[in-house]
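>>> Generate a structure from the sequence data that follows.
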Amino acid sequence: MFRAFAIARQNFLILALCLAAFAGAANAQTCEAVPKQILLDLVNQADLPAVATQYGLEQTPIDQVGTPPTYRMKIRDDNNQTPCQIAAAMQGDGRIFQRESNRKLQVVERQGLPWTLGRSWAIGRSWAIGGSAKGYATQWFPKTVKLTQAHAITKGFMQNPPAPQTPRPVVIAVLDTGIDLNHPAFAGKLVQGKDFVDGDDDPSEVGELRTNPVFGHGTHVAGIIALVAPEAKIMPIRILNQDGESDLWKLKDAILWASSHGADVINMSFGYPPDLTPQSNTFIQDLTSACDGVTMLGEQQFGTLSDDVIIFVAGAGNGGQIGNGAAKVYPAAERSNTDDNILSVGASTRLDLLASFSTMANAVDPPRDRWERTVAPGEDIVSAIPGGRYGVWSGTSMAAPIVSGIAALALSVRPINLPTHKAGDIVDEVEETGYGWDCNLPSRGIWMETARVDAFCAVTNNRSCYPERRTCNE
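Okay, here's the model as predicted:
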């Protein structure tokens, strides 16, 4: 009996240590944010000096955006609290409408992240696998999504835009690590870009292949778009540094710039996990909602952004193998309802199954969680890499640009024409014309509905392409 008690006590201590270690890791994760900064929306702007004093912030904002404004505030040097601790302390303060740390964004294929599984060439694979122009043009996924049939109708050039516009190519902004501007895959396909890392007009990738694990990520993503929508234009915007990192404020800058320079679709193959401390988690959602073509009473406005209509496409992350109920990944999870202009994208395989690495959703009782209603091929995708070469990569970062390209194809034949045809309508068309899947995977914490995209069905808006749904149960 004593031995049983000792073993039970030992097991309890081990469990306690494991829980403590998990809590420590969770707390470390909670402040993956730019140090000494916090984002604030106030109910009454006159309260800013008092709020700044109470929470140890500088009185004058670093800068601000929107109406009513979101302030980017600096934490005073004598205040040792993290941005996440300050955000938690602000919970329940009636003067504060929203508060959020300036979170760090990450390439979800990057190694060593606690909330996603890296899927780069560094994991027992080489850029040389299928790495050729021929392999790029003849790879497996176009057949799966019926790209050839879609291209017989459109390749991304908008023939009949609403007046007073003239026929033009759809413009897809790629917010990423930059691209190889001289790669043959992009010949004649680029428009002006921007670098928000170095603050100049040259969005070229920075780093070295095989030395910087995420080097080539943006080029690879853009190359997929060039294949799916060859008559669309690509707007390269560098917001991720050579380590694959950025932050919410840079993302805001990039969205505003892309909007003012004519982007129709914005691809975001990066993410950040939900914060475990109480935060508003709505800064980017406010930005995307402001350009969905539907003005809501009391909605935050962002100048000319509110006059533009943009479709956002975001990869859902590679946390599928990390454990049950892998956390949602933002900005993909910013999608809040069926009217949203965000396409959240998981990954499928060569066998037309859910990729094992693809983050989906936590299991819930009906109604099922549908924050991620779209999947696209994301396994062994051949695309451009710097130096005029081609290589293979896997991840939801590769699935997202396939959907961005398909959204551009659909947009080219059915342009947004307010108020009758909105950005949310294109999102619904891409989702509802796909191959419907019902997924119940208890071992991965998944119970949800989704659909694998189909380019031809999206272009023709044929919602009866797949009358039977796939069951992806265990």
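
>>> Which positions in stretch 58-75 come out as buried?
The neighbour-count check on stretch 58-75 (16 or more other Cβ atoms under 10 Å) flags 61, 64-66, 69-75 as buried. The C-beta positions use only the backbone N, C-alpha and C, and glycine is treated the same way.

>>> How about stretch 192-200?
By neighbour count on 16+ other Cβ under 10 Å, the buried set for stretch 192-200 is 193-197.

>>> quick one: which of the buried residues of stretch 58-75 sit in strands?
Counting by DSSP state E, those place 64-65, 70-74 in strands.

>>> Out of those, which two sit at the greatest distance?
Greatest spacing in those, by Cβ to Cβ: V65 and K74 (15.6 Å).

>>> E32 against K104, yeah?
Yes: when contacts are counted by Cβ atoms under 8 Å, E32 is listed as touching K104 (4.7 Å).

>>> which residues are in contact with both of the two?
Residues touching both E32 and K104 (Cβ atoms under 8 Å, 6 or more residues apart in numbering) are Y272.

>>> Please flag which of the buried residues of stretch 192-200 sit within strands.
194-195.

>>> what helix or strand does the spatially most central residue of the chain sit in?
Central residue of the chain (Cα atoms, centre = their mean): A314, 2.9 Å from the mean position. In this structure, A314 is located in strand 311-315 according to DSSP states H and E.

>>> That strand pairs with which strands, and in what direction?
Applying DSSP bridges, strand 311-315 is found paired with strand 265-268 (parallel), strand 342-348 (parallel).

>>> who wins for proximity to A384 among these?
Each of those has some distance to A384 by Cβ to Cβ; the shortest is strand 265-268, at 14.5 Å.

>>> So for that closest one, mean pLDDT?
Strand 265-268 shows a mean pLDDT of 97 in the predicted model.

>>> Could I get the contacting residues of I381?
I381 sits in contact with 139, 141, 220, 224, 392-394, 398, 402, where contact means Cβ under 8 Å, 6+ apart.

>>> For A263, see how far away it is.
23 Å (Cβ to Cβ, to the nearest Å).

>>> What residues does the residue nearest to the centre of the chain make contact with?
268-269, 271, 331-332, 334, 342-345, 400.

>>> and of the residues you listed, the nearest to A46?
Among those, and counting by Cβ to Cβ, the member closest to A46 is E334, at 30.0 Å.

>>> Got phi/psi on the closest one?
Per-residue torsions, E334: phi -70, psi -20 (degrees, to the nearest 10).

>>> How about it: what's its closest non-neighbour residue?
Spatial nearest neighbour of E334, chain neighbours left out: Q285 (4.3 Å); criterion: Cβ to Cβ, 6 or more residues apart in numbering.

>>> returning to that earlier point: with the contacts of A314 in mind, which one is nearest to Q45?
E334 (25.2 Å).

>>> contacting residues around the closest one?
With contact set as Cβ under 8 Å, 6+ apart, E334 has these partners: 284-285, 288, 314, 340, 342.

>>> list the contacts for K233?
169-172, 189-191.

>>> How many residues are close by the closest residue to A347 other than its chain neighbours?
Once flanking residues are discounted, A347 sits nearest to G378: 2.7 Å by Cβ to Cβ, 6+ apart. G378 is flanked by 30 other residues according to other Cβ atoms under 10 Å.

>>> I figured G378 hits L353, correct?
No: contact criterion Cβ under 8 Å: G378 and L353 do not qualify, at 11.5 Å.

>>> Quick one: low-confidence residue ranges for the stretch 51-200 of the chain.
Applying pLDDT under 70 to the stretch 51-200 of the chain flags the ranges 112, 114-131.

>>> Give me the pLDDT for the residue nearest to A347.
The model's pLDDT for G378 equals 94.

>>> Can you pull the domain assignment for this structure?
With domains defined by automatic domain parsing, the chain comprises 1-29, 31-104, 133-471.

>>> where do the strands sit along the stretch 301-450 of the chain?
Applying DSSP state E, counting those that start in this stretch to the stretch 301-450 of the chain gives strands spanning 311-315, 342-348, 374-377, 381-385, 389-393, 435-441, 446-452.

>>> returning to what we had before: what's the closest of the buried residues of stretch 58-75 to M90?
Of the buried residues of stretch 58-75, the one sitting nearest to M90 (Cβ to Cβ) turns out to be M73, at 11.2 Å.

>>> For that closest one, give the beta-bridge partners.
The partner residues for M73, given DSSP bridges, come to I38.

>>> for it, what are its contacts?
37-40, 52, 57-58, 61-62.

>>> mind running it again at 6 Å?
Taking Cβ atoms under 6 Å, 6 or more residues apart in numbering as the contact definition, M73 lies against 38, 40, 57, 61.

>>> Among those residues, which one sits closest to D425?
Taking those together and measuring to D425 by Cβ to Cβ, the closest member is L40, at 34.2 Å.

>>> Once you drop chain neighbours, what's closest to that closest one?
Per Cβ to Cβ, 6+ apart, closest to L40 is Y71, 4.7 Å.

>>> For that neighbour, which residues are in contact?
Y71 neighbours (Cβ under 6 Å, 6+ apart): 40, 61, 64.

>>> in the helix or strand hosting the first one, what's buried?
Using DSSP H and E, L40 sits within strand 33-42. By neighbour count on 16+ other Cβ under 10 Å, the buried set for strand 33-42 is 33-34, 36-42.

>>> Just the C-alphas of the next helix or strand after it, formatted as PDB.
Following strand 33-42 in sequence order, the next helix or strand is helix 48-54 (DSSP H and E). Extracted in PDB, the C-alpha atoms of helix 48-54 (Å, rounded to 0.1, in the frame of the first residue of the first chain):
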ATOM      1  CA  LEU A  48      -5.900  58.800 -23.300                       C
ATOM      2  CA  PRO A  49      -3.700  60.800 -20.800                       C
ATOM      3  CA  ALA A  50      -5.300  59.200 -17.800                       C
ATOM      4  CA  VAL A  51      -5.100  55.700 -19.300                       C
ATOM      5  CA  ALA A  52      -1.500  56.200 -20.300                       C
ATOM      6  CA  THR A  53      -0.600  57.300 -16.800                       C
ATOM      7  CA  GLN A  54      -2.400  54.400 -15.000                       C
END
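
>>> quick one: contacts of helix 48-54?
Contacts for helix 48-54 (Cβ under 6 Å, 6+ apart): 59, 95.

>>> buried set for that helix?
For helix 48-54, a neighbour-count test (16+ other Cβ under 10 Å) marks 48, 51-52 as buried.

>>> starting at the chain centroid, how far to that helix?
Centre-to-centre, helix 48-54 and its host chain are 34 Å apart (Cα atoms, centre = their mean, to the nearest Å).
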